[in-house]
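**Q** Give me a model of this one.
(chains A and B)
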Amino acid sequence: MQNYPLHFPDVFADSVATQIWQQYKERIERVLKPLPLLQKQDILLEIQSHIWESVEHDSAQSEAEKVLNATRKLGHPEEFLQPVVGKKLLENASHTLNPRVLAQSLYYMIGGSRMQSILVLAMSLLYTILFVLALMVCLKFVFPHNVGLFAGEAGGFAFGFFDYSNLDKKYYDVFGYWFVPLGLAVCVLLYTIVTKIAYRIVQSIVTTTIASDENH
Amino acid sequence: MKNNISDNIAEHLEKWSSQVRKGTLEFILLLFMQKKEYYGYELIEDVKQILAADLSEGTLYPMLNRLQKEGLISSEWREMGSGVPRKYYTITPNGTHALNAMKQEWLKMSFAIQKLSL
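**A** Next up, the predicted model:
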């Protein structure tokens, strides 16, 4: 756990410079909002430290200009922080398996690199399939004879929801009510595996931007 | 027509060069940190000089964060006598092992490329 510095300046001598910083800080805080307090604090303080250093080393005439230069060089918080927040949220979700945090992480990561966006799309597809399976488990209670895995006496399988009146009599329900615990177990298992694997993949994706990347 | 071709080559070269710089950034960061401990701003300034590139500064912190998560570097906040507190990054023994392996790989690759270029 990090020990946070106690003496962190938050204002500049020049009021316009302070105003520019405050506006930039608000944008950072807005992007970092879904993160736990300690992670939020660590990222914000590091950016704050960077800006103060940058101002100190800048030869521009006014303090306001120095702060503006510092924020410009850092970039838009919505762009460079969004994938970071997505990764951190996914990390939190991979530990807690909280679906709300997971949904937030997908939302934040979609704005990242191309690789990251492709991964998010693949994950969203898998989670949608899991959601449908979970929904079918619930529907099994309401329509016990229409939902499940059905096997034909003449061979072949059918999986899903069937209109009772159209259901072929030669089909029989393979799992019966065992469909509920089995379906739930598959959901939980796949949810955990997909989340943990996705977290590992996301960690290895490089999100650094070099100037010429932006030109193409 | 000729201009078009040279424009295409220049564009391709710029793209390739950016990919190379991007791919070696982690290596470069560790090489710097092998010499001494660094705080974010100082490290970015030094890296920018080496890469001679307009590096988007904000995107370098996620990489430092990842290296730290992988146990290759560690960080510590320090109050400064005067000025703003700094977060210092230090290479860990694991980081040094990884860096040595990277150096070997780099030498192998550069030797192979040199041989091909002759």
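**Q** Please make it C-alpha for all contacts and neighbour counts, starting now.
**A** Fine.
**Q** Could you tell me the end-to-end distance of stretch A:52-70?
**A** Using CA to CA, to the nearest Å, the end-to-end distance of stretch A:52-70 comes out at 8 Å.
**Q** Could you give me the buried positions within whichever strand or helix holds B:Ser17?
**A** Assigned by DSSP states H and E, B:Ser17 falls within helix B:2-35. For helix B:2-35, burial by neighbour count (16 or more other CA atoms under 10 Å in any protein chain shown) applies to B:14-15, B:18-19, B:21-22, B:25-34.
**Q** just those residues now: which is nearest A:Asn92?
**A** The closest of the buried residues of helix B:2-35 to A:Asn92 turns out to be B:Glu26 (CA to CA; 24.5 Å).
**Q** helices or strands up against the helix holding B:Ser17?
**A** In terms of contacts (3 or more CA pairs under 8 Å, 6 or more residues apart in numbering or on different chains; DSSP states H and E), helix B:2-35 is packed against helix A:211-215, helix B:40-51, strand B:86-91, helix B:93-117.
**Q** So for B:Asn8, which of the ones you listed sits nearest?
**A** Closest among these, using CA to CA: helix A:211-215, at 13.9 Å.
**Q** quick check: mean pLDDT across the closest one?
**A** Mean pLDDT, helix A:211-215: 47.
**Q** Would you map the strands across chain A?
**A** Ranges of strands within chain A are A:147-152, A:157-161, A:171-173, based on DSSP state E.
**Q** Make CSV from those strands and add distance to chain B, mean neighbour count and mean pLDDT to it.
**A** Below are those laid out as CSV (distance: least, CA to the nearest CA, whole Å; neighbours: other CA atoms under 10 Å in any protein chain shown; pLDDT from 0 to 100):
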stretch, distance to chain B, mean neighbour count, mean pLDDT
strand A:147-152, 43, 21, 81
strand A:157-161, 42, 14, 78
strand A:171-173, 49, 18, 78
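**Q** Please report how far B:Ser82 lies from A:Ile20.
**A** 23 Å.
**Q** Ok, A:Leu35 next?
**A** Distance, A:Leu35 to A:Ile20, using CA to CA: 24 Å.
**Q** Likewise for A:Ser94?
**A** For A:Ser94, the distance to A:Ile20 equals 37 Å [CA to CA].
**Q** coming back round to it: more neighbours: B:Ser82 and A:Ile20, which one.
**A** A:Ile20 (16 against 6; other CA atoms under 10 Å in any protein chain shown).
**Q** how about that one, what does it touch?
**A** Going by CA atoms under 8 Å, 6 or more residues apart in numbering or on different chains, A:Ile20 touches A:64, A:67-68.
**Q** at 6 Å what do you get?
**A** Applying CA atoms under 6 Å, 6 or more residues apart in numbering or on different chains to A:Ile20 gives no contacts.
**Q** A:Pro99: neighbouring residues, count only.
**A** By other CA under 10 Å, the residues close to A:Pro99 number 13.
**Q** what number of residues lie near the residue nearest to A:Thr71 when sequence neighbours are not counted?
**A** In this structure, A:Thr71 finds its nearest non-sequential neighbour in A:Ile51, 7.0 Å apart by CA to CA, 6 or more residues apart in numbering or on different chains. Residues lying near A:Ile51 (other CA under 10 Å) number 23.
**Q** Check A:Ile51 and give its pLDDT.
**A** Reported pLDDT for A:Ile51: 94.
**Q** Run through chain A and note the low-pLDDT ranges.
**A** A:1-6, A:111-112, A:163-169, A:204-216 (pLDDT under 70).
**Q** OK, contacts around the residue nearest the centre of it?
**A** When CA atoms, centre = their mean is applied to chain A, the residue found nearest the centroid is A:Ser105 (1.1 Å). By CA under 6 Å, 6+ apart, A:Ser105 lies in contact with A:86, A:89-90.
**Q** ok, and the closest non-adjacent residue to it?
**A** Nearest to A:Ser105 is A:Gly86, by CA to CA, 6+ apart, at 4.3 Å.
**Q** Please, which helix or strand holds B:Ser75?
**A** Assigned by DSSP H and E, B:Ser75 belongs to strand B:73-78.
**Q** so what secondary structure elements neighbour that strand?
**A** Counting contacts by 3 or more CA pairs under 6 Å, 6 or more residues apart in numbering or on different chains; DSSP states H and E, strand B:73-78 is packed against strand B:86-91.
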